[in-house]
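> Compute the structure for the input listed below.
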Amino acid sequence: MDQFSYLNDSFGKFEESYFAEVESKDTYVRITPDDMQAWLYLREKENKMPYSKEELLIILKQNDVISGINESNVSAMAKKSVYDREIKVADALLPREGVNGYYEYMFDTTGSKHAPKIREDGSVDYQSMNALQNIKKGAVIARYHKAIPGETGRNVRGIELPVAQVKDLPVIRGMGFAQNPEDENEYLALQDGKIDFRDGKISINKVHEVRGDIDLADGNVEFFGDILISGNVGSGVTIRAGKTLTIEGTVEAVNLYAGEDIVLKRGIQGNNKAKVFAKGNFYADFVERADVKVAKNVEANTIMNANVSAEGKVIVSGKKGFIVGGSVHGTKGIECKGLGNEAEVRTMVHAGILPDILEKSRSLTKEEKELASTMEVLLEEMKKILLMKKEKGMIPIMLEQKLIMLKNQREIIIPKLTDLKQQKEEHLLQVERAKGSVVRVDGKLYRGCLISVDNGQMLIEKGTSYMEYRNLSGMIVGSVIIKN
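Below you'll find the model as predicted:
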């Protein structure tokens with residue numbers, strides 16, 4: 001019998017006995033269908049003698065109530081001669097749930113502390129950014145709290161109420177740290193460096209720190225991990241970081257490369273010679289006359305006469321938060337406070353999928369279709385020859401040679417089709433990321449700006465403000481931003 005049937009049957013039996021007892025007005029014990037509570041109803045004795053506490057406890061035991069008894073209520077019923085009404089005399093002892101094992105980390109695991117501060121005037125203080133979480137050798141980086149088992153309970157009939165089993169976690173994986181030999185629940189840093197937390201793993205990597213300025217006399221800087229430069233970086237220098245690159249001073253006409261983020265706490269004046277590439281995000285106080293290309297987002301207070309391209313968003317915030325001159329692209333959209341200026345400097349912004357990506361997608365689709373058609377014809381010819389060989393046992397040498405040639409062609413086409421399929425999938429992902437992209441201007445928008453979204457574009461012929469632009473069926477449509 002399953003649990004539901006058992007409870008239903010128990011409740012039916014209880015219901016019959018309960019109403020029979022109520023109608024006869026005899027002393028009775030009522031246990032709830034879930035066996036979690038017991039109620040006692042006393043009928044005055046014929047000899048008018050009061051019940052003792054011991055008598056009531058015997059009545060409860062005789063009626064299978066042996067756990068969770070509220071002796072205070074039982075005593076009160078006996079002492080005060082409480083008759084002709086139900087009093088709750090027992091409650092189940094509920095199980096106490098245990099606690100699964102967990103790690104307490106002594107550093108930020110969310111990345112939220114890396115965000116820059118917002119100044120009172122609304123601009124973003126990129127100098128406040130802390131892209132690197134540094135840790136000292138010997139510091140406690142994590143502490144493990146072992147699982148605490150729960151305690152089972154009992155219902156009023158004394159039947160055990162189970163509790164869920166608790167689980168302990170495995171040791172932390174990673175590099176640059178170890179368990180404390182004096183306390184296995186503590187994890188200690190084995191070296192100074194930057195601490196990272198990804199996919200449940202901790203790694204402490206050394207940081208290459210350059211104190212002061214760098215110029216051509218110092219040469220180029222290259223490091224497989226994180227690079228931190230406390231001063232300025234002069235023209236002509238190339239810096240390559242395997243992970244995050246942080247420069248606290250100003251940057252001139254340089255070449256910067258990073259496997260993760262680039263943080264320029266002051267900004268870059270590239271003199272139309274600077275090249276910046278990051279596989280992560282790019283943050284800068286200002287970007288002027290530089291080429292910037294990143295795989296994620298670009299965030300800055302101002303962008304002037306620069307060529308900027310981000311596969312994520314371009315966000316230009318701050319008190320002014322303007323984009324003036326140059327060309328700015330954001331696959332997931334562009335947000336700024338101002339676009340262009342009173343001098344009507346040509347300013348081009350593009351959100352969404354780039355036209356050359358769309359053209360490439362069409363080209364890949366056409367090429368795949370042609371190759372698939374060729375493959376279909378080829379396989380049909382092979383099939384005919386193989387059927388002939390099966391029926392006759394042998395075929396002319398000329399057909400054998402043709403079969404070999406067709407097989408060779410097939411082996412060439414298959415990897416090409418696989419490669420085309422992969423390229424198409426990558427382009428489709430780009431198109432998917434670009435869906436719903438808009439250009440949003442939360443302030444002034446000046447005449448002479450060119451706004452593009454996907455394959456549509458619009459020249460701003462009259463200044464306006466607080467507008468959002470999107471692509472609807474190939475046409476750029478603007479709508480007013482409603483300010484609260």
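
> centroid residue for this protein?
Among the residues of the chain, the one closest to the centroid is residue 110, at 9.8 Å (Cα atoms, centre = their mean).

> Which secondary structure state does it sit in?
Following DSSP: H, G, I helix; E, B strand; the rest coil, the label given to residue 110 is coil.

> And it, how close does it get to residue 198?
The spacing between residue 110 and residue 198, counted by Cβ to Cβ, to the nearest Å, is 12 Å. Heads up, the C-betas are built off the backbone N, CA and C, glycines and all.

> same question, residue 241
For residue 241 relative to residue 198 (Cβ to Cβ), the value is 17 Å.

> Between those two, which is the more surrounded one?
Neighbours per residue (other Cβ atoms under 10 Å) separate residue 241 from residue 198, with residue 241 holding more: 26 against 10.

> How about the contacts made by that one?
Neighbouring residues of residue 241 by Cβ atoms under 8 Å, 6 or more residues apart in numbering: 223, 225-227, 257-260, 262.

> would CSV of the residues you listed with distance to residue 162 and secondary structure be doable?
Listed next are the contacts of residue 241 as CSV, based on distance: Cβ to Cβ, whole Å; DSSP: H, G, I helix; E, B strand; the rest coil:
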residue, distance to residue 162, secondary structure
223, 56, strand
225, 50, coil
226, 50, strand
227, 56, strand
257, 59, strand
258, 54, strand
259, 51, coil
260, 48, coil
262, 55, strand
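
> Out of the residues you listed, flag the one nearest to residue 69.
Relative to residue 69, the closest of the contacts of residue 241 is residue 260; by Cβ to Cβ it sits at 64.4 Å.

> Please work out how many residues are found near that closest one.
Neighbours around residue 260, by other Cβ under 10 Å: 18.

> so the residue nearest to it when sequence neighbours are not counted is in which element?
Using Cβ to Cβ, 6 or more residues apart in numbering and skipping residues adjacent in sequence, the residue nearest residue 260 is residue 280, 4.1 Å away. For residue 280, there is no helix or strand it lies in under DSSP states H and E.

> Check the gap between residue 280 and residue 264 for me.
13 Å.

> Show me which of the two is the more surrounded one.
Counting neighbours by other Cβ under 10 Å for residue 280 and for residue 264 shows that residue 264 has the greater number, 28 against 20.

> what's that one in contact with, if anything?
Contacts for residue 264 (Cβ under 8 Å, 6+ apart) come out as 126, 247, 251, 282-285.

> Find the nearest non-adjacent residue to it, please.
residue 284 (4.0 Å).

> again, but for residue 136
If the residues on either side of it in the chain are set aside, residue 136 comes closest to residue 192, at 5.7 Å by Cβ to Cβ, 6+ apart.

> Repeat that for residue 227.
residue 241 (4.3 Å).

> so the one you found bridges to which residues?
With DSSP bridges as the criterion, residue 241 is bridged to residue 223, residue 258.

> Relative to residue 207, how far out is it?
Using Cβ to Cβ, residue 241 is found at 10 Å from residue 207.

> shared neighbours, the two?
Shared contacts of residue 241 and residue 207, defined by Cβ under 8 Å, 6+ apart, are found at 225-227.

> what about stretch 306-321, start to end distance?
Taking Cα to Cα, to the nearest Å, stretch 306-321 runs 14 Å from one end to the other.

> Return the set of buried residues in that stretch.
Neighbour-count burial for stretch 306-321, counted by 16 or more other Cβ atoms under 10 Å, picks out 306-318, 320-321.

> got it, and stretch 475-484?
By neighbour count on 16+ other Cβ under 10 Å, the buried set for stretch 475-484 is 476, 478.

> just stretch 358-376 next, same as before
For stretch 358-376, by 16+ other Cβ under 10 Å, it's 358, 360-361, 364, 368, 375.

> Where does the prediction get shaky in the stretch 101-250 of the chain?
In the predicted model of the stretch 101-250 of the chain, residues 111-116, 126-132 satisfy pLDDT under 70.

> switch to 90 and redo it
Judged by pLDDT under 90, the stretch 101-250 of the chain has its weakly predicted residues at 107-137, 191-200, 203-211, 215-226, 242-243.

> before we move on, back to that, kindly supply the ChimeraX command isolating those of the contacts of residue 241 that are buried.
Buried subset of the contacts of residue 241, written as a ChimeraX selection, criterion 16+ other Cβ under 10 Å:
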select :223,225,226,227,257,258,259,260,262
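
> Thanks a lot, see you next time.
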